[in-house]
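Student: Output the structure for:
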Amino acid sequence: MLSWPMWMDRGRPDLNTTYPVWLYGVEVDLLTGLSTQRTFTISQLETHKEARTRCMNDTSSFETGLFVLETAKSQCAQLLSKSNFSFPKISPNDLNDFQISADIIQVPFWVQKFDIEAPINTPLCYLLDMDGLVKKDKCSEKYSSVCVTAKAHDTITYLGSTSKVPFYCSALTSDNSSMTSSSSATQLTDIILRIPITVLWVFIAMNRLLDNVS
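Tutor: A predicted model of the protein is given here:
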């Protein structure tokens, strides 16, 4: 399923479909303590792209830099037992314990495959609007979606205490509008248009189809 990084890497092409379009990505807010909020994005990055690598086991945690997925796994295997290392998990407890700092804001980390049935706080799902900007909306809404031919893996990005991603406002767009191609936009040739469906079911289906990356 198309994610925001994939769309950007392909030159922001016109998708030739009805907007908005679901993207693979959810936003999660966590309240830690009485007033401290953490905001994370769960998305996907193609495996030939680099993300920050945090290697973990039951007792230790190491960061080894920015690597493509296979190199990240190799780096972790060198530091920790091959059978015992892992990338960070996505759950309320794990997100609450995720070590944060100002220098990791907007930096994607490789994580274990996201389980859509995990009991996390009510997420908001990302979509691409006709203006070419990413927006967010309730995951129960129904919009178009597209699939891409790509090897991808889940990532998590710390956004800070608040999100700058605006909510989608259907009153500002037309149900039948399509985004106009700019002179620099290119045609996306590897997409398959799907009928509008609830995005959570898309996530489940795509996790099964893309389960070639452990």
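Student: Name the nearest residue to the residue most central in space within the chain, ignoring sequence neighbours.
Tutor: Among the residues of the chain, the one closest to the centroid is residue 43, at 0.7 Å (C-alpha atoms, centre = their mean). Nearest residue to residue 43, sequence neighbours excluded (C-beta to C-beta, 6 or more residues apart in numbering): residue 25, at 4.0 Å. (Glycine included, C-beta is placed from N, CA and C.)
Student: Pull the contacting residues for the one you found.
Tutor: Taking C-beta atoms under 8 Å, 6 or more residues apart in numbering as the criterion, residue 25 is in contact with 3-4, 41-44, 125-126, 134.
Student: quick one, phi/psi of residue 66?
Tutor: Note on residue 66: backbone dihedrals following degrees, to the nearest 10 are phi -100, psi 120.
Student: What about it, how many residues nearby?
Tutor: 15 (other C-beta atoms under 10 Å).
Student: Tell me which other helices or strands the helix or strand hosting residue 53 touches.
Tutor: Element membership for residue 53, per DSSP states H and E: strand 51-56. Helices and strands touching strand 51-56, by 3 or more C-beta pairs under 8 Å, 6 or more residues apart in numbering; DSSP states H and E, are strand 61-67, helix 69-79, strand 108-110.
Student: per-residue confidence averaged over that strand?
Tutor: With pLDDT averaged residue by residue, strand 51-56 scores 92.
Student: right, so of the helices and strands packed on strand 51-56, which gets closest to residue 148?
Tutor: Taking C-beta to C-beta, helix 69-79 is the member of the helices and strands packed on strand 51-56 nearest to residue 148, at 16.8 Å.
Student: Give me the buried positions along the next helix or strand after that closest one.
Tutor: Later in the chain than helix 69-79, the nearest helix or strand by DSSP H and E is helix 92-97. Residues 94-95 are the ones in helix 92-97 that count as buried (16 or more other C-beta atoms under 10 Å).
Student: which strands and helices sit next to helix 92-97?
Tutor: strand 21-32, strand 36-46.
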